[in-house]
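>>> No sequence on hand, only this structure:
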């Protein structure tokens, strides 16, 4: 084999191992309780795809593609409010599933847009309404 062939083979092997690691991380994160797929858009930018976990009074969002174990964004329940709910627009339909529930929110005074499945949206609303205090 030529050196170029070996280099291409090694590069392909490294790529496959890295992608397997990313997929394994996603599968693990989705199996943990309180985890749902969630698309996030801030400041009218592009949609970011990831996994959200409800943990106490925090919604922790992790990027879909990556190796990190720390959340990319943390939203606190007390600072999060729903402004409106709608279906994906025609422009968004190429980026989001047709059944996505798009939720315009405000977190810590800044606008953000979330996109959930219908069942994940129901869980999100329940989490927002739940009190962190036990009686």
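In hand now; what should we look at? Since this is a predicted model, take the numbers as computed values, not measurements.
>>> measure the most centrally placed residue in the chain to residue 6 for me?
By Cα atoms, centre = their mean, the chain has its centre lying nearest to residue 50, at 2.6 Å. To residue 6, residue 50 is 36 Å away according to Cβ to Cβ, to the nearest Å. From N, CA and C alone the C-beta is placed, and that goes for glycine too.
>>> Next: residue 76.
51 Å.
>>> ditto for residue 116
46 Å.
>>> Could you do residue 37 as well?
39 Å.
>>> So between these two, which is more surrounded?
Set residue 37 next to residue 6 and count neighbours by other Cβ atoms under 10 Å: residue 37 wins out with 18 against 10.
>>> partners of that one in the sheet?
residue 51 (DSSP bridges).
>>> give me the beta-bridge partners of residue 41?
Assessed by DSSP bridges, residue 41 has beta-bridge partners residue 113.
>>> which regions of this protein sit below the pLDDT cut-off?
Judged by pLDDT under 70, the chain has its weakly predicted residues at 1, 19-34, 66-67, 131-135.
>>> all helices of it, in order?
Along the chain, counting by DSSP state H, helices occupy 3-31, 118-129.
>>> contacting residues for the residue nearest to residue 98 when sequence neighbours are not counted?
Among residues not flanking residue 98 along the chain, residue 88 sits closest, at 7.0 Å (Cβ to Cβ, 6 or more residues apart in numbering). By Cβ atoms under 8 Å, 6 or more residues apart in numbering, the residues touching residue 88 are 96, 97, 98, 100, 102, 115.
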